[in-house]
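> Show me the folded form of this:
(one chain, ligands or ions: 2)
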Amino acid sequence: MTELDLLQKLADAYGPSGHEDEVRNLLMEVLKGHVDDMQVDPLGNLLVYKKGRSGDGSRVMFAAHMDEIGVIVVDIDEKGFLRLQPVGGVNPLVLLGQRVQFPGGIVGSIGVEPVEDPKEIKFPKLFADIGAKSKEQAEKAVGYGTMGVFYAAFQERDGIASGKAMDDRSGCAILAQALLEMKDVGNEVVAVFTVQEEVGLRGARTAAFGVDPQVGFAIDVTATGDTPKAQPMAVSLGKGTAIKMKDQSLVTPPFIRDLMVERAEKRGIPYQLEVLGYGGTDAGAIHLTRAGVPSGVVSLPTRYLHTPAEMIALADLRASIELVKALAEEPILLPSRV
Ligand code: CO
Ligand code: ZN
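Residues are numbered from 1 along each chain as shown. Ligands and ions are numbered 1, 2, ... in the order given. Reported below is the predicted structural model:
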């Protein structure tokens, strides 16, 4: 399977927070026979082990989250219209004119009550219409608490891919592909495909406690500053993987930044330095585990985050795979603090 096929399969899968089974099964199928061991922990994180050669490397945890943002059914009215709340960071304006998919191939169109001012468009004004003729029919098809995700076709042309859930199925594709390709691994690698990142980095928190790593890296999407009148940000689509310096959840330690930059330069991997003014990644949870875990983030520049039209460049995907391999393969020697 090419990395493009892998990305498409992962992006098309249904997997809102806490319902990552389809994504996890896909990853297990792809990785089976290519890694030393796989485990699913109590919350549903998939832990994948690459033992590597014995030596002086570190226990390194990589994390990419399997879940995607979505909506949850909170009420169904007499006519069968579904009322929704967000699961993760969903802007109600982004839902306008969209469809959402529920399990079982059920697709709903998003409608909105008449409003005087677009500012009034909040979740209580929205509903999903699955074509049900009654409350009973709707309840049978989609029960209370069922989650829906964006319904959007994956598309790729000239190395640019777009669709739903690039956040963070592209990170899952990067980590899985890196696991398939990495050789002569000089660290003890534990790759974790995490659950429930979009609702608060929950899977990464418990996984990191269990793994007890010496160093951690999240692999996740980041924004870009290269669209019309975008907020100032020195990250562009297609200019390489991004090495995070800071977001709202993490300040990357300078020695982690230097390590990432050195390895990118040594292998000729195109990279950019990233400062994101908002948001966070699994590294935000990992680095606060136990007595603390120095952590960094391999970021994938992505436009139109948290919409059904998230856009990435395959060249950046490849650069990110190469950086993950570089971090896993060469032993990471932690500086002594004493
Ligand atoms: Co996200
Ligand atoms: Zn993400």
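
> and the stretch 101-250 of the chain, which residues reach ligand 2?
167, 168, 220 (CB under 5 Å from the ion). Quick note: C-beta positions are derived from backbone N, CA and C, even for glycine.

> Skipping its backbone neighbours, what lies nearest whichever residue of the stretch 1-150 of the chain sits closest to ligand 2 in space?
Proximity of the stretch 1-150 of the chain to ligand 2 (CB to the ion) peaks at residue 65, 5.6 Å away. Leaving aside its chain neighbours, residue 65 sits nearest to residue 197 (3.4 Å; criterion: CB to CB, 6 or more residues apart in numbering).

> circling back: make a markdown table from the residues of the stretch 101-250 of the chain next to ligand 2 and add secondary structure to it.
Listed next are these as a markdown table, based on DSSP: H, G, I helix; E, B strand; the rest coil:
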| residue | secondary structure |
| --- | --- |
| 167 | helix |
| 168 | helix |
| 220 | strand |
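
> Which residue ranges of the stretch 51-200 of the chain form helices?
Taking DSSP state H, counting those that start in this stretch as the criterion, the stretch 51-200 of the chain carries its helices at 92-95, 135-141, 166-181.

> mind exporting the longest one as CSV, just the C-alpha atoms?
This points to helix 166-181. C-alpha atoms of helix 166-181 as CSV (Å, rounded to 0.1, in the frame of the first residue of the first chain):
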residue,chain,number,x,y,z
MET,A,166,-6.4,14.9,8.2
ASP,A,167,-6.3,15.8,11.9
ASP,A,168,-4.9,13.4,12.8
ARG,A,169,-5.2,10.5,10.4
SER,A,170,-2.3,12.0,8.6
GLY,A,171,-0.3,11.7,11.8
CYS,A,172,-1.4,8.1,12.1
ALA,A,173,-0.3,7.5,8.5
ILE,A,174,3.1,9.1,9.2
LEU,A,175,3.7,7.0,12.3
ALA,A,176,2.5,3.8,10.8
GLN,A,177,4.5,4.3,7.6
ALA,A,178,7.6,5.2,9.7
LEU,A,179,7.2,2.0,11.7
LEU,A,180,7.0,0.0,8.5
GLU,A,181,10.2,1.6,7.1
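
> Determine the set of other helices and strands touching that helix.
helix 3-12, helix 21-31, strand 59-65, strand 188-194, strand 215-222, strand 295-301, strand 310-313, helix 314-329 (3 or more CB pairs under 8 Å, 6 or more residues apart in numbering; DSSP states H and E).

> mind putting those in CSV, mean pLDDT and mean neighbour count included?
Shown next, in CSV, are the helices and strands packed on helix 166-181 (pLDDT from 0 to 100; neighbours: other CB atoms under 10 Å):
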stretch, mean pLDDT, mean neighbour count
helix 3-12, 98, 20
helix 21-31, 98, 18
strand 59-65, 98, 28
strand 188-194, 98, 28
strand 215-222, 98, 27
strand 295-301, 98, 29
strand 310-313, 98, 23
helix 314-329, 98, 24
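
> quick one: pLDDT of the residue nearest the centre of the chain?
When the chain is reduced to its mean C-alpha position, the nearest residue by CA atoms, centre = their mean turns out to be residue 168, at 2.0 Å. Reading off the confidence values, residue 168 has pLDDT 98.

> Could I get the contacting residues of the nearest residue to it once chain neighbours are set aside?
Computed as CB to CB, 6+ apart, the closest residue to residue 168 that is not its neighbour in sequence is residue 65, at 4.6 Å. When contacts are counted by CB atoms under 8 Å, 6 or more residues apart in numbering, residue 65 is found next to 168, 171-172, 193-198, 203-204, 220, 282.

> Alright, that wraps it up for me.
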